[in-house]
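# need a structure here:
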Amino acid sequence: QSALESSDCFILDHGSDGKIFVWKGKEANLEERKAAMKAADEFIKKMGYPKHTQVQILPEMGETPLFKQFFKNWRDKDQTEGLGVAYVSNSIAKIEKVSFDAATLHDSPAMAAQHGMVDGGNGEKQIWRIEGSDKVEVDPSTHGQFYGGDSYIILYNYHHGGRQGHIIYMWEVILPRTKLVLQPSWVPSWTMSLVVGLCR
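Down below sits the predicted model:
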């Protein structure tokens, strides 16, 4: 880590796993940054890595855990030793913990907010069960009931900040000791048809 100087850019080779990192020091000038990108492209060619090898650009202080793992003793600037500084209990806001219950998520805006949901769970849902190579719409009266041997596609439409959004979830069951539960190409094609339909 000490070899990474703020005034320069560096390349870290993880191309055997399909990735090259370009680390940009905060004091590196524009020319050095451009040269680092060009050097990364040339490095990929020189090493004979595939053209689709990913080049990940990391600014100083914005390093990912994957990048940090290549350094024996990586230390972040604000990292503490041991327990660090204890907080004074009367200076912390009291936040009531809301336990997570997926069955009541659609009825609990507080739980949805605490667990990072896009809204209070009041958007429109469409659910399809996968039967062989077909998808069959699930009756809304049974939404929330998922069966162990079935796979599902869920389309969730929501409004946030005056804009409409869509999330597509896939509930795929993989049972032990089965050769094929779901043909892998089916779900992406159904998902793509949903995406295309939403973009019209």
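# ok, the closest residue to residue 152 other than its chain neighbours to residue 15 distance?
The spatial neighbour of residue 152 that comes closest, neighbours along the chain excluded (CB to CB, 6 or more residues apart in numbering), is residue 171 at 4.1 Å. Where C-beta positions appear, they are placed from N, C-alpha and C, glycine not excepted. Distance of residue 171 to residue 15, given as CB to CB, to the nearest Å: 36 Å.
# Give me the more crowded residue out of the two.
Comparing residue 171 with residue 15 by other CB atoms under 10 Å, the one with more neighbours is residue 15, at 19 against 13.
# So that one sits against residue 41, correct?
No: using CB atoms under 8 Å, residue 15 is not in contact with residue 41, being 11.9 Å away.
# domain assignment for this protein?
Per the TED database, the structural domains of the chain span 9-69, 105-195.
# Can you flag the weakest of these by average pLDDT?
Lowest mean pLDDT within these: domain 105-195, a mean of 70.
# could you pull out the strands for the chain?
9-14, 19-24, 54-59, 124-131, 134-137, 152-160, 163-171 (DSSP state E).
# Highest mean neighbour count out of these?
strand 19-24 (a mean of 20; mean count of other CB atoms under 10 Å).
# Could you figure out how far that strand is turned away from strand 54-59?
20 degrees (axes from the mean of the first three to the mean of the last three CA atoms, to 10 degrees).
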